[in-house]
Structure formats: structure tokens, C-alpha cells
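S.K.: kindly return the folded structure for what I paste below:
(one chain, ligands or ions: 2)
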Amino acid sequence: MKYDFIANALSLQAFKEMDYKAVAELALPIELMMENAGLHLARVIARKASPKSTILIGAGNGNNGGGGLVAARRLAAWGYNVYLDLPIEITKELPLQQLKRALLYGAKREAIKNPDVWVDAYLGFSQKLPLGNLFETIIAKANSANAIRISLDLPMGISEGDSSPRFNADHIITLAAPKKLLIPLLETDTQIYIADLGIPEKYYGDIGVAMPPFAKEQLYFVS
Ligand SMILES: NC(=O)C1=CN([C@@H]2O[C@H](COP(=O)(O)OP(=O)(O)OC[C@H]3O[C@@H](n4cnc5c(N)ncnc54)[C@H](OP(=O)(O)O)[C@@H]3O)[C@@H](O)[C@H]2O)[C@H](O)CC1
Ligand SMILES: [K+]
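M.R.: Residues are numbered from 1 along each chain as shown. Ligands and ions are numbered 1, 2, ... in the order given. Got it, this is the predicted structure:
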């Protein structure tokens with residue numbers, strides 16, 4: 001039986017509660033989950049890129065950015081041409097560690113103009129709307145670029161209405177569970193994946209939803 005994205009989709013509030021509970025009870029540091037998130041993201045990017053592709057990874061000053069920077073490191077290790085767009089100074093401990101590593105691995109701090117792949121790890125589930133000029137300008141450039149656009153967790157700017165500008169992702173790698181905000185995108189060409197971060201099945205059951213079929217596919221392709 002196919003996994004029911006809509007019936008199992010969570011509000012961001014419910015998702016964060018499940019996530020924080022697992023973090024607290026299982027001694028599961030965010031950094032470990034971030035490593036998994038970044039590897040899943042890097043795998044999708046590598047499938048879409050060629051060895052000569054230029055890959056621009058946009059990272060903000062939070063854990064969404066941290067996941068993007070893990071992907072930058074993994075892709076650089078595999079020999080891809082990785083560039084970083086860092087519109088806000090990275091100051092928080094975890095993303096800063098990941099930035100240092102990505103640079104040591106050879107990712108370049110340069111917001112190139114016409115990348116082949118443009119990755120949105122600017123903001124995830126803690127994004128505040130309206131986004132403001134800085135991020136809205138990036139969205140306008142990314143959406144008009146001739147690039148494959150990939151978002152980590154949630155496209156920056158996504159909201160329940162259609163009112164705010166959003167990163168127009170061709171592919172979304174959402175983390176751990178389906179999110180209600182993504183339901184309208186099921187009707188579009190956007191391809192959605194759900195990536196396993198290691199949260200046990202019991203935590204899904206406790207809040208009345210089913211875990212995506214991670215036992216078989218740790219990067220589950222929805223549509
Ligand atoms: N288990 C998991 O699901 C994991 C998820 N991961 C990823 O983490 C993000 C959520 O990370 P978080 O650090 O909470 O926040 P964001 O990355 O979404 O945002 C970072 C900060 O950006 C600031 N912010 C928010 N809105 C704006 C805006 N409009 N303009 C400028 N700045 C903005 C805000 O910081 P402040 O200090 O300004 O309050 C945000 O806190 C989740 O989406 C996943 O991708 C982990 O990688 C692994 C575990
Ligand atoms: K994002």
C-alpha cells in the first residue's frame with residue numbers, strides 16, 4: 001500500500017514537538033541528524049548534476065543552512081564544483097562548524113550568478129515571513145535562473161497562502177516526515193522526497209501518524 005502523504009502530514013508545530021522529544025529522550029544530537037540530512041541532500045544533487053556542473057548552495061545562519069553546508073562538504077569530497085551563497089553572516093555554532101569544514105573541503109565562498117544547480121538551504125522551518133528584501137531578491141534571481149532548483153526541508157518563503165514570494169523548487173528533500181505546508185505542491189511538477197534522520201517509528205505512532213517507509217527506502221520519493 002502506498003504511503004499516504006496527506007493523511008500523515010504534520011503541522012510544523014507538531015513536527016517540531018516530535019523532533020525535540022526524540023532529541024531530548026534519545027540523546028540524539030542535532031548534528032547527527034544534520035549529517036544525515038546533508039548526505040541525503042547531496043545524493044539528490046549528485047543525481048541531478050554532471051561532473052562539470054556548478055552547484056551553488058545557499059545557506060542561512062541556522063540548522064537548515066548547516067544541512068546545506070554538510071551537502072557542500074560531501075559534494076566537494078566527490079569532486080563537484082561547489083560554491084556557497086552566504087547572504088547572512090554565519091555565527092551560530094553548528095552552521096559555523098559546517099561552514100569551516102565545507103571550506104576546508106574546497107567549497108568556494110562565491111555567489112556565482114548562473115549556477116547549473118541552485119540549492120536553497122537558506123531557511124527551513126524557523127523562517128519568519130515576510131522574508132525581507134535580502135531573501136526576496138535571492139528568490140527572484142533563483143526563480144528566473146536557468147538552474148535546477150533544490151530546497152532542503154521546505155522552500156524558503158513557503159506559506160499557506162500564495163501571497164509571499166517563494167523559492168520555486170524543482171525538488172524538495174523534506175526531513176523525517178511530510179509537512180502540511182507541502183500538500184499543495186503534490187499537484188505540481190515539484191518532486192518531493194522524504195529523508196530519514198533516524199527518528200524511531202514509535203515517535204510517529206505516539207502522535208498518531210505513520211512513519212514514511214524508511215525500512216525499505218531511506219530517501220523516499222513521494223511524487
Ligand atoms: N530533525 C530535524 O528535522 C532536523 C532539521 N534540521 C534542519 O533545521 C532546520 C531548522 O533549523 P533552525 O535553526 O531552527 O532554523 P532555520 O534554519 O529555518 O532558520 C535559521 C534562522 O534564520 C533566521 N531567520 C528566520 N527568518 C528569517 C528572515 N526572514 N530573514 C532573516 N533571518 C531569518 C532565524 O534566526 P534569528 O536568530 O534571526 O531568530 C532562524 O532561527 C530545518 O528546516 C531542517 O532543515 C537539521 O539540519 C537536522 C535535524
Ligand atoms: K530551505
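
S.K.: contacting residues for the spatially most central residue of the chain?
M.R.: In the chain, the C-alpha nearest the mean C-alpha coordinate belongs to L152, at 1.2 Å (CA atoms, centre = their mean). Remark: with contacts taken as CB atoms under 8 Å, 6 or more residues apart in numbering, L152 is in contact with 37, 41, 64, 67-68, 71, 119-121, 124, 173, 175. Every residue, glycine included, has its C-beta placed from N, CA and C.

S.K.: just the CA coordinates of the longest helix anywhere in the chain, formatted as CSV?
M.R.: Assignment by DSSP state H gives helix 30-48 as the longest helix of the chain. C-alpha atoms of helix 30-48 as CSV (Å, rounded to 0.1, in the frame of the first residue of the first chain):
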residue,chain,number,x,y,z
ILE,A,30,21.0,17.7,16.1
GLU,A,31,24.5,17.5,14.5
LEU,A,32,23.9,13.7,13.8
MET,A,33,20.6,14.4,12.2
MET,A,34,22.1,17.3,10.2
GLU,A,35,24.8,14.9,8.9
ASN,A,36,22.0,12.6,7.6
ALA,A,37,20.0,15.5,6.2
GLY,A,38,23.1,16.8,4.3
LEU,A,39,24.0,13.4,2.9
HIS,A,40,20.5,12.8,1.6
LEU,A,41,20.5,16.3,0.0
ALA,A,42,24.0,15.7,-1.5
ARG,A,43,22.8,12.4,-3.0
VAL,A,44,19.9,14.1,-4.8
ILE,A,45,22.1,16.9,-6.0
ALA,A,46,24.7,14.4,-7.3
ARG,A,47,21.9,12.6,-9.3
LYS,A,48,20.9,15.9,-11.0
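
S.K.: can you give me the buried ones in that helix?
M.R.: For helix 30-48, the neighbour count (16 or more other CB atoms under 10 Å) marks 30, 33-46 as buried.

S.K.: L12 touches G124, doesn't it?
M.R.: No - if you go by CB atoms under 8 Å, L12 and G124 don't touch, sitting 9.6 Å apart.

S.K.: and for the two, which residues touch both?
M.R.: Residues touching both L12 and G124 (CB under 8 Å, 6+ apart): none.

S.K.: and which of the buried residues of helix 30-48 is nearest ligand 2?
M.R.: Nearest to ligand 2, judged by CB to the ion, of these is L41 at 9.9 Å.

S.K.: where does the protein have low pLDDT?
M.R.: Counting by pLDDT under 70, the chain has no low-confidence residues at all.

S.K.: swap in 80 and give it another go.
M.R.: Low-confidence regions of the chain, defined by pLDDT under 80, span residues 1, 162-163.

S.K.: farthest from the middle of it: give me that residue.
M.R.: Largest separation from the mean C-alpha position in the chain: M1, at 26.9 Å (CA atoms, centre = their mean).

S.K.: show me what from this protein comes close to ligand 2.
M.R.: 120, 151-152, 156 (CB under 5 Å from the ion).

S.K.: tell me which two of the residues you listed sit farthest apart.
M.R.: L152 and M156 (9.5 Å; CB to CB).
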